[in-house]
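Asks: Sequence isn't available, so here's the structure alone:
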């Protein structure tokens, strides 16, 4: 049975494409037998990237079983993985997030986590000279992951190394990064078809801050007005989404990729207090602009307090 | 303040020397400022290896604080680390054990875990061509770690890669592996000065099996009679050690390095049942010989059941 390779729930470009990249590499270079799968519907950017480089959308799975051998990419957080993840045989983990704890393996395994902007860059480095063996579409997938997670090098998570790798890949492929980025961000910004609850869960991670369980949602867009025009409905949907997901509060940050700022929706006093304590701003009204804030991992999570 | 580099409690050769190796590398090659420390008295083999290659014994620390930056080597198990480990800033983890879960980092960090016989081999591979910059005593420390954790290539944890690295290091150093191993194992076997309780805790890890908390102790020796002649006193000391450490039972495996077998002490029906269920043997009397069993990680832990 093929080893299953998957990223986190609510798959974005890096979670989707780095699973495809690594399954290809395991099968075609390392001589294994691996299959990429998804833990949910890919977001609109990931769907665009799949089509752009000519990939079929991988099968979506709901859980894993004790018989499965799995490789986890782009997360190490059990909350973002299938419910039975610790029943399966975890073969390897490749990630670029903070260590959350909770995953267990039955035997010694390969784990590579590096403080880089995206999982695809970590994979690039693991592959070493084997990168030269990658076909065009796999290199394209890698480039798209870096463009996505760095927001075209605007995010403070971007390292010099991510940029160098992306520029080398783009040059080899004859691809214009600004054109690819514009098309990807347009796809990501096309969220009009989603319900309010879907938007709140689209790019969302659960964290505990000062005893509060938070669903921290980020919508990266080049057209923030499309989202912000729906702010009343989004705020109205927050309590139900929070309750259904076992959280105390949903925080929605609408990241304007081009202006390099986030707008946080402020539905109540808890979020107001949190915004003021965390980001040193004074909140009046139901939104607050946070200049320069683009990264949940690097800016939002480390700042959050009450 | 220097970054603290340390391995697990009850430090053996790999935990002691891989901390020294990595602190040296961080400071002298990567341009950092790091200091190796220990979480307890090194075992007799590690003490021999320190002296053999001309190292001072590192300082022993009891805990870490929120101000400390730390690198963890040769474990990823919070139970084997300082009580306040998750208060400190974990910078990196380098290990070769199964993933236990429980460690957390505040930001993305470097984690490298590989299914190799010892941490020093993982470090060797991370260093790449920089291995050529290592001074004699650091290469010697690396070789000693591999000899120790592989029991001179006898343990089933040994990979071809560990052996190749060790043989290259030995050739470069002009060192005879059999002579080094004999001296190290003689030092490890010299346990006459330890109390029964000290012996039970010397090389010991805590695991949960079928709802029982087990302290699984392994004594690797070329002179098993020295330990087995004390079996009555060791078994008598088990309940008190178990109770003091919050465990239900101590299991003591005396590994005969040269005969490549383990003798398990069987003080009661629980251990008898566990031995028979786990290793397919019939127990009569207060010990049972397990042919070929040398590795806690690869053979004992994966087999244990009730």
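Replies: That came in fine, so what should we check first? Keep in mind it's a predicted model, so treat the numbers as computed, not measured.
Asks: Would you map the helices across chain A?
Replies: A:13-28, A:44-52, A:119-127, A:136-149, A:160-173, A:177-189, A:196-202, A:224-228, A:231-244, A:269-279, A:301-303 (DSSP state H).
Asks: Quick check: the gap between the nearest residue to residue A:301 once chain neighbours are set aside and chain B.
Replies: Nearest residue to residue A:301, sequence neighbours excluded (C-beta to C-beta, 6 or more residues apart in numbering or on different chains): residue A:207, at 6.1 Å. Just so you know, the C-beta spots here come from the backbone N, C-alpha and C atoms, and that holds for glycine as well. Separation of residue A:207 from chain B (C-beta to the nearest C-beta, to the nearest Å): 11 Å.
Asks: Alongside chain B, which residues does the stretch 201-306 of chain A contribute?
Replies: A:297, A:298, A:302 (C-beta under 8 Å from any C-beta of the partner chain).
Asks: could you dump the helices of chain A to a markdown table with mean pLDDT and distance to residue B:282?
Replies: Shown next, in a markdown table, are the helices of chain A (pLDDT from 0 to 100; distance: least, C-beta to C-beta, whole Å):
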| stretch | mean pLDDT | distance to residue B:282 |
| --- | --- | --- |
| helix A:13-28 | 98 | 43 |
| helix A:44-52 | 97 | 57 |
| helix A:119-127 | 97 | 47 |
| helix A:136-149 | 98 | 55 |
| helix A:160-173 | 98 | 59 |
| helix A:177-189 | 97 | 65 |
| helix A:196-202 | 94 | 57 |
| helix A:224-228 | 94 | 70 |
| helix A:231-244 | 96 | 55 |
| helix A:269-279 | 96 | 63 |
| helix A:301-303 | 92 | 56 |
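Asks: quick one, which of these is nearest to residue B:285?
Replies: helix A:13-28 (48.8 Å; C-beta to C-beta).
Asks: contacting residues for residue A:259?
Replies: Shown in contact with residue A:259 (C-beta atoms under 8 Å, 6 or more residues apart in numbering or on different chains): residue A:224.
Asks: Revised request: answer the last question for residue A:27.
Replies: Contacts of residue A:27 (C-beta under 8 Å, 6+ apart): A:33, A:34.
Asks: ok, what's across the strand from the residue nearest to residue A:301?
Replies: residue A:214 (DSSP bridges).
Asks: okay but it is in contact with residue A:303, surely?
Replies: No: look at residue A:207 against residue A:303 with C-beta atoms under 8 Å: they stay out of range, at 11.8 Å.
Asks: Filter the residues of the stretch 201-306 of chain A next to chain B down to the buried ones.
Replies: A:297, A:298 (16 or more other C-beta atoms under 10 Å in any protein chain shown).
Asks: circling back: okay, the helices of chain A in a markdown table with distance to residue B:160 next?
Replies: Formatted as a markdown table, these follow (distance: least, C-beta to C-beta, whole Å):
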| stretch | distance to residue B:160 |
| --- | --- |
| helix A:13-28 | 20 |
| helix A:44-52 | 39 |
| helix A:119-127 | 20 |
| helix A:136-149 | 29 |
| helix A:160-173 | 31 |
| helix A:177-189 | 42 |
| helix A:196-202 | 47 |
| helix A:224-228 | 55 |
| helix A:231-244 | 52 |
| helix A:269-279 | 51 |
| helix A:301-303 | 42 |
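Asks: Of all the ones you listed, which one comes closest to residue A:67?
Replies: Using C-beta to C-beta, those put helix A:13-28 closest to residue A:67, at 18.1 Å.
Asks: Tell me what angle the closest one forms with helix A:177-189.
Replies: In terms of direction (axes from the mean of the first three to the mean of the last three C-alpha atoms, to 10 degrees), helix A:13-28 departs from helix A:177-189 by 110 degrees.
Asks: can you pull the buried residues of helix A:13-28?
Replies: A:13-27.
Asks: angle of it against helix A:119-127?
Replies: 30 degrees.
Asks: I'd like the distance from helix A:13-28 to the chain centre, please.
Replies: 15 Å (C-alpha atoms, centre = their mean, to the nearest Å).
Asks: how far off helix A:136-149 does it point, in degrees?
Replies: 150 degrees.
Asks: Give me the pLDDT value at the residue in the stretch 151-300 of chain A positioned nearest to chain B.
Replies: Closest contact between the stretch 151-300 of chain A and chain B, by C-beta to the nearest C-beta, is at residue A:297 (6.7 Å). On pLDDT, residue A:297 comes in at 87.
Asks: got the contact list for the spatially closest residue to residue A:238 that is not a sequence neighbour?
Replies: Distances taken as C-beta to C-beta, 6+ apart place residue A:250 nearest to residue A:238, at 4.4 Å, with adjacent residues excluded. Residue A:250 makes contact with A:200, A:204, A:214, A:215, A:217, A:238, A:241, A:242, according to C-beta under 8 Å, 6+ apart.
Asks: So which of these is the closest to residue B:83?
Replies: Distance to residue B:83, by C-beta to C-beta, is smallest for residue A:214 among the contacts of residue A:250, at 27.6 Å.
Asks: Touching, that closest one and residue A:246? I think so.
Replies: No: at 11.2 Å, residue A:214 does not count as touching residue A:246 under the criterion of C-beta under 8 Å.
Asks: Have a look at these two and say which one is more surrounded.
Replies: The neighbour count for residue A:214 versus residue A:246, taken as other C-beta atoms under 10 Å in any protein chain shown, is higher for residue A:214 (23 against 10).
Asks: who touches the more buried one in this structure?
Replies: Residue A:214 touches A:206, A:207, A:208, A:247, A:248, A:249, A:250, A:251, A:304, counting by C-beta under 8 Å, 6+ apart.
Asks: got a winner among these for most neighbours?
Replies: Neighbour max across those (other C-beta under 10 Å) = residue A:251, 28 neighbours.
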